[in-house]
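> build me a model:
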Amino acid sequence: MYKKLFFAVVLTLVISLFIAACGQNVDCTEEGVFCVGLVTDVGEVDDKSFNQSAWEGVQQAGEELDVHVQFIETNDAKDYGTNIAQFADNGYEVIVTVGFGLGDATLEAAEKYPDIMFIGVDQFQGETVDNVAGLIFAEWKAGFAAGALAGMLTESKLLAGVYGTDLAPAVVAFAEGYEDGAKYIDPTIRVITTYHPGGFANGFTDPEWGAATSKQAIEQGADVIFAAGGKTGNGGLIETANYDGVYCIGVDTDQWETVPEAHSCLVSSSMKLIVPSVSDLIKMAYEGSFPGGNYIGEVGLAPFHDFDSQISQEIKDRLAQIDADLLADRIKYSDFR
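This next block holds a predicted model:
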């Protein structure tokens, strides 16, 4: 017991020193100093996907508002609460927590620290808590657009999705949308859907599994791979780049900018516009208009980049119409499930 207590104290001290050192000795308790902290889900802040997009949103707000920003990387899910508390106890006004897995820890912290504003990325709020904004996205719609694109590109009529854990509702929504979008284009299309079996512990940090799963699907004849799962998904994209005539589609952000190793297959990405959404919520907090409850961010397909000339105008027009129909709820989840 004493050993555990000792290590807990040491961990708390180390993290506090890390914040102080990286924060250039900013005292967030001083009057007139506004501080924003971000706690990642399990994995690095530069994961080229979810955590990175949220951090870029924090940085964007920090630059525009001239406020202090900092992050803590979570290495183990059991540290969620401890990491949040480091910022809370050091006087941070806004704390951004990234991912569904931090939902409970975020609500617990919000109750303990009612004067701090919390932004929970991908954390649906079942009831409104004044100091918690759950930043959520219509992942089904984002996945649907990706599936529609894949459905118009496939020649084999076999697609595949390589995903993080199905314990995350957002991941399941992406997967279901991808399948529904493809079958909306052609009901005879088949989709291989594979979720990582490791739960939150390593479901988003296993690029080797992502690569092996993509390879297996391609060997079965899949010619468009949708990869949604942080570093796990990135492994799937990079593996797909080794095959001629196979497309891949990224997720969360425009992964053309973050996973250059996949350029040879990356036709587009199914984006949740996390960067502007996080930035906007921080600005609202700074301006005193923070919205408790759920805040819905925008979604959309990324540009086609080097593939633009290969995408016919007919496909582009069809995608534009589908996007408009999704936005107007002329195409909706209940039509398919």
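> distance of the most centrally placed residue in the chain relative to residue 323?
Nearest to the geometric centre of the chain sits residue 50, at 3.2 Å (Cα atoms, centre = their mean). From residue 50 across to residue 323, the span is 22 Å (Cβ to Cβ, to the nearest Å). In this view, the C-beta of every residue, glycine as well, is placed from N, C-alpha and C.
> residue 44 too?
From residue 44 over to residue 323 the distance is 32 Å, taken as Cβ to Cβ.
> cool, residue 210 as well?
Distance, residue 210 to residue 323, using Cβ to Cβ: 28 Å.
> between these two, which one's more packed in?
Neighbour count, other Cβ atoms under 10 Å: between residue 210 and residue 323, residue 210 has more, with 31 against 18.
> and the next element down the chain from the worst-scoring helix or strand of the chain on mean pLDDT?
Ranked by mean pLDDT, DSSP states H and E, the weakest helix or strand in the chain is helix 2-22, scoring a mean of 41. Next helix or strand after helix 2-22 toward the C-terminus (DSSP states H and E): strand 35-42.
> contacts for whatever helix or strand comes next after that following strand?
Once the chain leaves strand 35-42, the next helix or strand it forms, by DSSP H and E, is helix 50-65. Identification of contacts with helix 50-65 by Cβ atoms under 8 Å, 6 or more residues apart in numbering yields 34, 36, 38, 40-41, 43-46, 67-69, 71, 73, 96, 98-99, 121-122, 204, 230, 252-253, 258, 272, 274-279, 282-283, 286.
> by how many degrees do helix 50-65 and strand 35-42 diverge?
170 degrees (axes from the mean of the first three to the mean of the last three Cα atoms, to 10 degrees).
> quick one: the helix or strand following helix 50-65 to chain centroid distance?
Remark: after helix 50-65, the chain's next helix or strand is strand 68-74, criterion DSSP H and E. In terms of Cα atoms, centre = their mean, to the nearest Å, the centre of strand 68-74 is set 17 Å apart from its chain centre.
> strand 68-74: which residues count as buried?
By neighbour count with 16 or more other Cβ atoms under 10 Å, strand 68-74 contains the buried residues 68, 69, 70, 71, 72, 73, 74.
> what packs against that strand?
If contacts are counted by 3 or more Cβ pairs under 8 Å, 6 or more residues apart in numbering; DSSP states H and E, strand 68-74 sits against helix 2-22, strand 35-42, helix 50-65, helix 80-89.
> try 10 Å
The contact analysis (3 or more Cβ pairs under 10 Å, 6 or more residues apart in numbering; DSSP states H and E) places strand 68-74 against helix 2-22, strand 35-42, helix 50-65, helix 80-89, strand 94-98.
> strands along this structure, start to end?
35-42, 68-74, 94-98, 117-121, 132-137, 158-163, 190-195, 224-228, 247-252, 266-272, 293-297, 299-301 (DSSP state E).
> tell me how many other residues crowd residue 324.
The burial count for residue 324: 11, using other Cβ under 10 Å.
> out of everything not next to it in sequence, what's closest to it?
residue 330 (8.0 Å; Cβ to Cβ, 6 or more residues apart in numbering).
> wait, that neighbour sits on residue 184?
No: counting by Cβ atoms under 10 Å, residue 184 is not a contact partner of residue 330; they are 11.9 Å apart.
> anything in contact with each of these two?
Counting by Cβ atoms under 10 Å, 6 or more residues apart in numbering, the common neighbours of residue 330 and residue 184 are residue 322.
> so if I had to pick from those two, which one is more boxed in?
For residue 330 and residue 184, the more surrounded residue by other Cβ under 10 Å is residue 184, and the numbers stand at 18 against 11.
> what residues does residue 83 make contact with?
Applying Cβ under 10 Å, 6+ apart, one finds that residue 83 lies in contact with 11, 15, 37-40, 71-76, 95, 97, 102, 105, 109.
> revised request: answer the last question for residue 193.
159-163, 166, 172, 175-176, 178-179, 217, 226 are the contacts of residue 193 under Cβ under 10 Å, 6+ apart.
> follow-up on the earlier one: among the buried residues of strand 68-74, which two are most distant?
The span of the buried residues of strand 68-74, defined through Cβ to Cβ, is set by 68 and 74 at 20.5 Å.
> what is the end-to-end distance of stretch 125-143?
Start-to-end span of stretch 125-143 (Cα to Cα, to the nearest Å) is 22 Å.
> off-centre distance for that stretch?
Per Cα atoms, centre = their mean, the centroid offset for stretch 125-143 relative to its chain is 13 Å.
> in that stretch, what's buried?
Of all the residues in stretch 125-143, those buried under the rule 16+ other Cβ under 10 Å are 125, 129, 131-143.
> then stretch 176-194?
176-185, 189-194.
> what is the rounded mean pLDDT of it?
For stretch 176-194, mean pLDDT rounds to 98.
> and if you look at stretch 54-64?
Averaged across stretch 54-64, the pLDDT comes to 97.
> what sits against residue 47?
Contacts of residue 47 by Cβ under 10 Å, 6+ apart are 40-41, 53, 55, 73, 98, 204-205, 230-234, 252, 258.
> quick one: end-to-end distance for stretch 210-227.
One end of stretch 210-227 to the other measures 8 Å (Cα to Cα).
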